[in-house]
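Engineer: Provided below for reference: sequence and predicted model.
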Amino acid sequence: MIHPSSIISESAKIDKSSYIGPFCVIGDNVEIGKNNRLISHVSILGYTNIKNNNIFYPYSSIGSDPQDLKYKDEKSFLEIGSNNKFRENVTVNPGTSGGGLKTIIKDNCLFMVGSHIAHDCKISSNVILANNATLAGHVEIHENAIIGGNSAIHQFVRIGKFAMIGGMSGVEKDIIPYGLYTGIRENLKSLNIVGLKRKGLKTDLINKIKTLVNLIFDQKDTIVNNIKKNSIKDHKISEIKEIISFINTNTKRGITSFNND
């Protein structure tokens, strides 16, 4: 169903099962899959491809031009997966030539009121952005991470899986998987114990992981040397393997230190 007050480009591709509510605007190159719902006053523009079962709340703006002065109207893309919720006033921009020309959002994410996803971001599945959380360009958010309200993530930062960023935080370096971070330009406060428990880990295993993370971030030496000398590289705990793999992946911002006092 398409409400008669909405303005829909003749070249847009919209599955008949999707609902387009009142006063929506859908641009020329938009593709919308099955069972999506645009409640009202939603704008979807650009080369935006939306899969299935997403909900867009009033005044969300999806696919409008990147907020990047280097952007010169190049053809760029926004890909949105399935089962996501975009609450009121959420903004999402497509990619730029400086970042692969594509912004990607996977599945089962919740973007709360006023949150912003800038150009060239990569958002994995089961991510939550709370109210007014802001991602600068080229940010990567890995699966099951939570970004607290009114927080800001610096461009090119990576947020690891199951990481938790507290409200009102400013993040300028990468956050390891399972990390807990609050504040502005701070160290990691701890591991995300709640996230680890939600994943099904028992207390004794969580304590082992925390001990190993303390060894990795021992300030008496570098992270690389700590991993080598403590024989952590080939550790069998999967979460430690994920943390080490994350650290060893090329970073443009560096890794946030861990508060192991």
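Structural biologist: Nice, I can see it.

Engineer: what does the worst-scoring helix or strand of the chain on mean pLDDT rub up against?
Structural biologist: Lowest by mean pLDDT, DSSP states H and E among the helices and strands of the chain is helix 223-229, with a mean of 88. Counting by C-beta atoms under 8 Å, 6 or more residues apart in numbering, the neighbours of helix 223-229 from elsewhere in the structure are L215, I216, F217, D218, D221, I232, K233, I244, I247, I255. Bear in mind the C-beta positions are built from the backbone N, C-alpha and C, glycine included.

Engineer: In ChimeraX, how would I select the buried members of these?
Structural biologist: What follows is the ChimeraX syntax selecting those of the contacts of helix 223-229 that are buried according to 16 or more other C-beta atoms under 10 Å:
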select :215,216,217,218,232,244,247,255
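
Engineer: Between the contacts of helix 223-229, which sits nearest P58?
Structural biologist: Sorting these by how near they are to P58, with C-beta to C-beta, puts I255 at the top with 39.3 Å.

Engineer: partner residues bridging that closest one?
Structural biologist: Per DSSP bridges, the residues bridged to I255 are D174.

Engineer: Need the per-residue pLDDT for it.
Structural biologist: In this model, I255 is scored at 96, pLDDT.

Engineer: got the contact list for it?
Structural biologist: When the contact criterion is C-beta under 8 Å, 6+ apart, the partners of I255 are K173, D174, I176, I223, I247.

Engineer: where's it relative to E242, distance?
Structural biologist: In this structure, I255 and E242 are separated by 14 Å, where distance is defined by C-beta to C-beta, to the nearest Å.

Engineer: who's in contact with N131?
Structural biologist: N131 makes contact with M112, V113, G114, S115, G149, N150, according to C-beta under 8 Å, 6+ apart.

Engineer: That should have said F77, apologies.
Structural biologist: Contact partners of F77, counting by C-beta under 8 Å, 6+ apart, are G46, Y47, T48, N49, P94, G95, L101, K102, T103.

Engineer: Which other helices and strands does the lengthiest helix in the chain contact?
Structural biologist: Taking residue count as the measure and DSSP state H as the definition, the longest helix of the chain comes out as helix 203-216. Helices and strands in packing contact with helix 203-216 are listed as strand 190-191, helix 193-198, helix 223-229, helix 238-248; criterion 3 or more C-beta pairs under 8 Å, 6 or more residues apart in numbering; DSSP states H and E.

Engineer: So for G33, which of the ones you listed sits nearest?
Structural biologist: Here helix 193-198 is closest among the helices and strands packed on helix 203-216 (C-beta to C-beta), at 29.6 Å.

Engineer: how far is the closest one from where the chain is centred?
Structural biologist: 19 Å (C-alpha atoms, centre = their mean, to the nearest Å).

Engineer: okay, the angle between the longest helix of the chain and helix 238-248?
Structural biologist: In this structure, helix 203-216 runs at an angle of 20 degrees to helix 238-248, with axes from the mean of the first three to the mean of the last three C-alpha atoms, to 10 degrees as the basis.

Engineer: Just the pLDDT at N260, thanks.
Structural biologist: 65.

Engineer: ugh, wrong one, I meant N230
Structural biologist: For N230, pLDDT reads 72.
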